[in-house]
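In: structure of the sequence below:
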Amino acid sequence: MESKKLEKPRENGTFSTVQGVMKPDEEGRRVFPTMKSLDPKKGEAKAESKAAQTAEAAVSGQAEAANMSVTSVQLDLSKVKVEPLFEDMVDFETFSKSDFRVVKVEACEAVPKSKKLLKFTLNDGTERRRTILSGIHEYYEPEQLVGKTCVAITNLPPRKMMGIDSEGMLISAVYEYDGREGLNLLMLDDGIPAGAKLY
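Out: Purely as a prediction, here's the structure:
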């Protein structure tokens, strides 16, 4: 049997050698840390906790899937009607006078005494914040839109609505579906910076 010398620190900071004896059959073994509990009851409690978390995640996943299916419902295209395309042509110079910009929704709230209007506080890439009012409350709740990336025309003259100046217009897709108006606010990838110009 071979002895191993181990270094043991002394109180004064120096080391002294200590004899450590190992049996021959233990010399080749290695000791690895384990995450297993030595208390079997603890292990059972952890297993039960993990099972409960898995069940909770499954329920949450089902709810999320149900929510996704509500928001991403496929429309029956045979029931969709869109406005006909304009026959009148517009020259490029006239078109390019409209300033379409990417905007980030920093705040959104319902306008008091109005059933339709939402008031948006927008980052349009400049230092000041832009206020735009949009009549889309029938389709969206304000909290759904905070943090979204949208498109606005920013060079329309201010228009007073319910005593508030609206400084532009948010772009939405509008159509008729099964006899009712449908509307989707145009939303872009969040990676696009505020103030980016659309051509």
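In: got the contact list for the longest strand along the chain?
Out: With DSSP state E applied, the strand covering the greatest number of residues in the chain is identified as strand 100-110. Contacts with strand 100-110, where a contact means CB atoms under 8 Å, 6 or more residues apart in numbering, come from 117-125, 129-130, 132, 137, 142-143, 145-154, 170-171, 188, 192-199. Placement of C-beta: from N, CA and C, glycine included.
In: right, and the helix or strand after it?
Out: Secondary structure here is assigned by DSSP states H and E; on that basis, the next helix or strand after strand 100-110 toward the C-terminus is strand 118-123.
In: do me a favour and average the pLDDT over that next one.
Out: Per-residue pLDDT over strand 118-123 has a mean of 98.
In: and whichever helix or strand comes after it with strand 100-110, angle?
Out: On the C-terminal side of strand 118-123, the closest following helix or strand by DSSP H and E is strand 129-134. Put simply, strand 129-134 runs at 70 degrees to strand 100-110, going by axes from the mean of the first three to the mean of the last three CA atoms, to 10 degrees.
In: any weak-confidence spans in this structure?
Out: Within the chain, the stretches with pLDDT under 70 are 1-73.
In: next, count neighbours for Gly168.
Out: Close neighbours of Gly168, defined as other CB atoms under 10 Å, add up to 25.
In: just Ser134 next, same as before
Out: The burial count assigned to Ser134 is 26, neighbours taken as other CB under 10 Å.
In: didn't it look like it was pressed against Leu122?
Out: No: counting by CB atoms under 8 Å, Ser134 sits too far from Leu122 to count as a contact (10.6 Å).
In: just to revisit the earlier point, how about the longest strand of the chain: buried residues?
Out: By neighbour count, and taking 16 or more other CB atoms under 10 Å as the criterion, the buried residues in strand 100-110 are Arg101, Val102, Val103, Lys104, Val105, Cys108.
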